[in-house]
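**Q** kindly return the folded structure for what I paste below:
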Amino acid sequence: MQVSQEVASTVPAGVNELRVRQHLLEAHGIEIGGGLGPLKGQIWRIDQSR
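**A** Coordinates of the predicted model:
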């Protein structure tokens, strides 16, 4: 069993994080998670396992 490693990165000011994530998924098949709870819209969660 492999444990997933996740990195969080702050979203640059003025960037629509949801639009960026949707574009990456639709255009490149890359899925990046958004922030949860109080961090919603402020960070991206990126899984490093593979």
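**Q** let me see the ranges of the helices in this protein.
**A** 17-28 (DSSP state H).
**Q** what's near enough to touch Val3?
**A** Contacts here follow CB atoms under 8 Å, 6 or more residues apart in numbering; on that basis Val3 touches Ser49. Every C-beta, even on glycine, is put in place using the N, C-alpha and C of the backbone.
**Q** against Asp47, how distant is it?
**A** According to CB to CB, to the nearest Å, Val3 and Asp47 sit 11 Å apart.
**Q** Ser4 contacts Asp47, correct?
**A** Yes. Judged on CB atoms under 8 Å, Ser4 makes contact with Asp47 at a distance of 5.7 Å.
**Q** okay, the two: which has more neighbours?
**A** Each of Ser4 and Asp47 has its neighbours counted (other CB atoms under 10 Å); Asp47 has more, 12 against 8.
**Q** residue contacts, the more buried one?
**A** Ser4, Gln5, Glu6, Gly33 are the contacts of Asp47 under CB under 8 Å, 6+ apart.
**Q** which ones among those are found in strands?
**A** Using DSSP state E, the subset of the contacts of Asp47 located in strands is Glu6, Gly33.
**Q** looking at the contacts of Asp47, state which has the most neighbours.
**A** Most neighbours among the contacts of Asp47, by other CB under 10 Å: Gly33, with 13 neighbours.
**Q** which non-adjacent residue is nearest that one?
**A** Arg45 (3.7 Å; CB to CB, 6 or more residues apart in numbering).
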